[in-house]
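Engineer: My questions are about this predicted structure, shown below with the sequence.
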Amino acid sequence: MKYLKESKFLCNSTTIDFYNKTIKNDEIICTATILTTNFKLHSVQSFTAFIYIKFNRVLLRLENVTDHYVTFYEHECAEDKKDENCATCTWNEYGFAHYIRLCSSGNSCEGRNELYLWHNDVGKSWNSKTREVNNQCAEINVTSVDPLSGTMAGGTTITITVKNHLIFEENRTVMVTVAGMVCADPRTSGPETITCITTPPPDDTIYAAPSGPVLVKYTSHERELIIESSQKFHYYVDISAGTSRLVINPYIIMVQFSFFVFYTKVV
């Protein structure tokens, strides 16, 4: 703390202005005034700011990335209600801090809301329209796929478990792809489950059965969230079912056939 008190530091944000900053005991206090006109101007009940502190031009990294993001509300909100019916995902990657937050209309503090934010070390920020999540966070995650294989003929019904699925599907269309193929007729079958039916791969996949992750895409008129499973789905040829699809192994075995022709002389 002695070093910090003797260092030049600043509080900063991409959204709000700080008018005072102090170090008291073991606390860093950044003070700002939020005008209610900010909410009315944008017709929102809340907004989220990325807040960071620098000492001698070096960014202070917080152990939990989520703590860099602070949500301000137009009206008072009880602490235990702020995350109700919301899912939040934050992570650091390649020098960028990433933040995703989606709330359904059941949240009493901010209502339906979705944010896809990311920032770099110098405070520059971007608000994306499309974000992909691949097993980065527990709250936005495909937790299971069952079964993990199906025939090349298609027609396999699979069940996909997505954490907080009901929040994501509210007023959004849901599309599922399995190993790169469209999974037909996706339906909500439970609070966190989707069922859909696999479709046959195209003819150009006859040399190798497709294999890959499951992608669940939630699309609204303004944002698109794509959640990728860590599990992989594998197509296979069901010989017992007599499928007409032919999959040729890349290692082709050459077989030599000998043909014998018999001549019969008629007298």
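Structural biologist: That came through fine.
Engineer: just for the stretch 151-267 of the chain, where's the confidence low?
Structural biologist: Across the stretch 151-267 of the chain, the ranges flagged by pLDDT under 70 are 204-207, 239-267.
Engineer: how near is the closest residue to Phe9 other than its chain neighbours to Phe96?
Structural biologist: Spatial nearest neighbour of Phe9, excluding adjacent residues (Cβ to Cβ, 6 or more residues apart in numbering): Phe55 at 4.6 Å. Glycine gets a C-beta too; all of them are placed from N, C-alpha and C. Relative to Phe96, Phe55 is positioned 21 Å away (Cβ to Cβ, to the nearest Å).
Engineer: How about the residue nearest to Phe9: which residues does it bridge to?
Structural biologist: Phe55 has these beta-bridge partners by DSSP bridges: Phe9, Val58.
Engineer: what's the pLDDT at it?
Structural biologist: The model reports Phe55 with a pLDDT of 84.
Engineer: thinking it is in contact with Glu6, fair?
Structural biologist: No. Phe55 is beyond contact range of Glu6, at 9.9 Å (criterion: Cβ atoms under 8 Å).
Engineer: Tell me which of these two has more neighbours.
Structural biologist: Neighbours per residue, other Cβ atoms under 10 Å: of Phe55 and Glu6, the larger number sits with Phe55, 15 against 9.
Engineer: can I see the domain layout of this structure?
Structural biologist: Taking the TED database as the reference, the chain has its domains at 1-128, 141-235.
Engineer: hmm, back to that, distance check, the residue nearest to Phe9 against Val142.
Structural biologist: According to Cβ to Cβ, Phe55 stands 40 Å off from Val142.
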